[in-house]
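Trainee: For reference, the sequence and a predicted model appear below.
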Amino acid sequence: MSLAETDDGPIRVGVIGGRGRMGAEVCRAVEAAADLELAAVVDQGDSLSALVDAGTQVAVDFTHPGVVLDGIRFCVEQGIHAVVGTSGLDELRLSTIRGWLEPRPELGVLIAPNFAIGAVLTMRFAEIAARYFESAEVIELHHPRKADAPSGTADHTARAIAAARRTAGLGPAPDATTQEAAGARGASVDDVRVHSVRLAGLVAHQEVLFGTEGETLTLRHDSLDRTSFMPGVLLAVRKVSGLPGLTVGIEGLLEL
Ligand SMILES: NC(=O)C1=CN([C@@H]2O[C@H](COP(=O)(O)OP(=O)(O)OC[C@H]3O[C@@H](n4cnc5c(N)ncnc54)[C@H](OP(=O)(O)O)[C@@H]3O)[C@@H](O)[C@H]2O)C=CC1
Ligand SMILES: O=C(O)C1=N[C@H](C(=O)O)C[C@H](O)C1
């Protein structure tokens with residue numbers, strides 16, 4: 001039996017980055033779920049082979065953009081399904097992962113920029129709203145220990161807005177700025193401005209601002225605690241073995 005096959009017992013879950021902020025929360029959530037078993041916890045300095053030794057069927061990765069590909073590649077080579085929350089997986093990296101999966105059509109890798117239901121809905125609402133407004137900007141706000149900027153969620157949101165604007169035939173958002181302090185207008189992600197705030201006391205938050213003649217629309221989501229991500233992570237863990245290939249986002253699992 002390959003590691004990814006189930007024997008109708010609890011799903012054996014391994015957590016990569018299991019001593020980090022998200023990884024530790026995932027370990028607690030898995031331990032509290034009757035249909036899941038925490039089989040292995042791997043962190044910096046540990047060998048990924050512990051996942052295999054423990055008979056891991058689904059690995060969950062919350063590590064760092066610099067190492068996430070190593071974990072995914074290892075899982076695919078070892079026949080372990082993977083659920084990945086780590087940010088920094090751009091289109092180029094996604095196509096590399098698709099290439100690794102080609103010889104393993106039975107395996108599932110699910111990557112989500114954000115597992116919180118409110119964040120998933122915010123991205124969907126933003127995509128719907130985008131074509132009705134001349135202007136759109138994204139502000140993401142996070143805890144100061146976050147390694148990357150902008151956040152994966154903001155990057156995904158901005159690209160979804162940009163795609164919807166293109167489909168609607170909208171041109172660039174109006175902006176007459178000719179003089180600015182470096183960074184004052186944020187980063188340009190697919191021509192959508194994204195502003196990153198890092199502030200002690202915050203967890204993970206995002207505002208999407210839309211504006212047109214005489215009105216604005218603001219979408220805001222707040223993850224006040226990392227437990228907000230757990231229902232989405234556990235849903236992905238339960239479903240990934242039935243989703244062969246690469247899946248991006250949990251929208252499909254929520255039937256949005
Ligand atoms: N998709 C989503 O819903 C969410 C995604 N995230 C993303 O998840 C990632 C992790 O975030 P967070 O938990 O806050 O970060 P942390 O830094 O708290 O956790 C990452 C953990 O991974 C460990 N690690 C580093 N390298 C390796 C390696 N090669 N093998 C195994 N473990 C390793 C780190 O160890 P050490 O500290 O020693 O380096 C650390 O314990 C980020 O990319 C973040 O953006 C976060 C929240 C929600
Ligand atoms: O690092 C975090 O904390 C988070 N990272 C993800 C991202 O980069 O979008 C998801 C969420 O914003 C929390």
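Mentor: Good, I have the coordinates. Ligands and ions are numbered 1, 2, ... in the order given.
Trainee: Confirm for me that F125 is in contact with T218.
Mentor: No. Using Cβ atoms under 8 Å as the test, F125 is too far from T218 to be in contact (10.9 Å). Bear in mind the C-beta positions are built from the backbone N, C-alpha and C, glycine included.
Trainee: Looking at those two, which has the bigger crowd around it?
Mentor: Shown here are F125 and T218; by other Cβ atoms under 10 Å, F125 has more neighbours (14 against 10).
Trainee: Can you tell me the strand partners of the strand or helix carrying S196 and which way each runs?
Mentor: Per DSSP states H and E, S196 falls inside strand 192-198. According to DSSP bridges, strand 192-198 forms sheet pairs with strand 135-142 (parallel), strand 187-189 (antiparallel).
Trainee: for the ones you listed, which one sits closest to ligand 2?
Mentor: strand 135-142 (5.4 Å; Cβ to the nearest ligand atom).
Trainee: Tell me if the closest one is near ligand 1.
Mentor: No. Strand 135-142 stays clear of ligand 1 (Cβ under 6 Å from any ligand atom), getting no nearer than 8.3 Å.
Trainee: hey, what's in contact with both of F125 and T218?
Mentor: Listed contacts common to F125 and T218 are V208; contacts here mean Cβ atoms under 8 Å, 6 or more residues apart in numbering.
Trainee: next one: phi and psi at the residue in the stretch 51-200 of the chain that ligand 1 sits nearest to?
Mentor: Taking Cβ to the nearest ligand atom as the measure, the stretch 51-200 of the chain has G85 as its residue closest to ligand 1, at 3.2 Å. Dihedral angles phi and psi of G85 (degrees, to the nearest 10) take the values phi -110, psi -10.
Trainee: Next, count neighbours for it.
Mentor: By other Cβ under 10 Å, neighbour count at G85 equals 24.
Trainee: okay, the strands paired with strand 192-198 in a markdown table with mean neighbour count next?
Mentor: A markdown table is the format used below for the strands paired with strand 192-198 (neighbours: other Cβ atoms under 10 Å):
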| stretch | mean neighbour count |
| --- | --- |
| strand 135-142 | 22 |
| strand 187-189 | 15 |
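Trainee: out of those, nearest to G17?
Mentor: Proximity to G17 (Cβ to Cβ) singles out strand 135-142 among the strands paired with strand 192-198, at 17.1 Å.
Trainee: Against ligand 2, how distant is E102?
Mentor: Distance, E102 to ligand 2, by Cβ to the nearest ligand atom, to the nearest Å: 28 Å.
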